[in-house]
Structure formats: C-alpha cells, structure tokens
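> Provided below are the primary sequence and the corresponding predicted coordinates.
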Amino acid sequence: MLRQQAEVEGQAHYLSQADFVAPRGAPDHLGAFAVACFGAEALAAEHETNHDDYSKIMVQALADRLVEAFAEKLHRDLRVGAWGYARDEMLGAEELLKVKYEGIRPAPGYPSQPDHTEKRTMWDLMDVEAKCGICLSESLSMMPASSVSALVFGHPESSYFAVGKIEKDQVADYVARSAEITSSRPLQFESNYQS
C-alpha cells in the first residue's frame, strides 16, 4: 500500500491502508468485492439509436445509483451479518451518508488507493470475470460501466484519506514490493459471504 508523504494539517501521522490490517494472528475483517448492473448499456444504446438522449442519460444514472446502493447494502451486510463486528448497528440514511459506520470500502483509483493496477489482483483473487461477468479493459476500466469494486476494511480506526502526492522513491519501492508479492506465491481467497 502507498503511504501519505505530504504533511496534512491536524493529522498526527501519515496514513496508509496497511495501517488498517491487523498484525498476523490477530482477529481482522478484510475483504474485497465487485458488483455491477447489467443490461443498462444495451438499453441506453437503444435510447441513443432512437435519439432519446434524456432516456439514455436517465438509464445510465439509474444504473450507477443502483450499483452504488448495492455496494452500500453489501458493506452493511458484511458489518452487521457475515463479519458481525457491528451487529447492533442502527443507522439512518443521514448517518450512512456521513459514513458514521465502522469500516471503509476504498476503491482502486480513489484517493487512498490511487493505483488502478490493484484491480487485476482483486480480479484474480475473486475470479470476478468468470463468476460475475465484470471485465477489465486494457486501461482497467470496469465493464459494464455501472460497476463498483473495492477493498473492505473492518478495522475500528479505518478512515478515508488521500495519499496525495508521492515521490519517486516511494513509487520505486511500491513497484518492487508489488512485483515481489505477485511472484512469491499464488494468491488465495476464501469467501464466507453468500450473495
């Protein structure tokens, strides 16, 4: 994982997602997921053929909202059910929007995990394309476009943050560590969540 290098006002230390992984042998809640809304692209294309831009945009927007809602539901199911570290969670819509729950689900390409290449690792771990049909383009865009993938951390101190600008020394170290991890052993994933 990348670590912040720039000083952030009011922050005690430089964050990395690695800070939210428990030491070996300690209880932990860590996972990944990929979800998508299929069929929306074909329907949007049909509206485009009929020169109905409004309906095309509405289909795309609705598909995006549905997949985001599913990701939110999946994350809640993990916290409250499958992992159970937040069994008593009773949050309203406003509290959910303000991320008042314990745990985070940062997506590759977002501020705390700016490296999109980690999607390949996630796809290999979970066999996403075979199990779900969500494909990655050469530039690592998810297809269908209305898709969400993320890591899920249940660590009680996990929070969203921005890695921000990093220097060449950290990039070189990150690339070397990534290559070492990828070549050292095959990745294994064990799922305890049933959709």
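Yep, it's here. Since we're looking at a predicted model, the values are computed, not measured. Numbers count the residues shown, from 1 in each chain.
> Which parts of the chain are strands?
Remark: strands assigned in the chain by DSSP state E are 30-36, 135-136, 142-143, 147-153.
> contacting residues around the first one?
Surrounding strand 30-36, the residues in contact under the criterion CB atoms under 8 Å, 6 or more residues apart in numbering are 21, 67, 70-71, 74, 78, 105, 122-123, 125-126, 128, 132-134, 142, 144, 146-154, 189, 193. Backbone N, C-alpha and C define where each C-beta goes, glycine included.
> now the third one
Residues from elsewhere that reach strand 142-143, judged by CB under 8 Å, 6+ apart: 34, 36, 119, 134, 135, 136, 137, 148, 149.
> Find the nearest non-adjacent residue to the fourth one, please.
Read that as residue 134. residue 36 (4.8 Å; CB to CB, 6 or more residues apart in numbering).
> Let's see the pLDDT reported for the one you found.
pLDDT recorded at residue 36 is 97.
> likewise residue 193?
Looking at residue 193, its pLDDT is 45.
> what does residue 13 give?
For residue 13, the pLDDT comes out at 86.
> gap between it and residue 159?
To residue 159, residue 13 is 12 Å away according to CB to CB, to the nearest Å.
> Would you mind telling me which of the two has more residues around it?
residue 159 (14 against 9; other CB atoms under 10 Å).
> tell me the contacts of the nearest residue to that one once chain neighbours are set aside?
The shortest distance from residue 159 to any non-neighbouring residue, by CB to CB, 6+ apart, is to residue 104 (6.5 Å). Neighbour list for residue 104: 20, 112, 152, 153, 158, 159, 160 [criterion: CB under 8 Å, 6+ apart].
> buried sites along the least confident helix or strand in the chain by mean pLDDT?
Here the helix or strand of the chain ranked lowest by mean pLDDT, DSSP states H and E is helix 168-184, holding a mean of 79. Within helix 168-184, no residue is scored as buried using 16 or more other CB atoms under 10 Å.
> quick one, longest helix in the protein?
Ranked by residue count, the top helix of the chain under DSSP state H comes out as helix 53-77.
> by contact count, what packs against that one?
If contacts are counted by 3 or more CB pairs under 8 Å, 6 or more residues apart in numbering; DSSP states H and E, helix 53-77 sits against strand 30-36, helix 40-49, strand 147-153.
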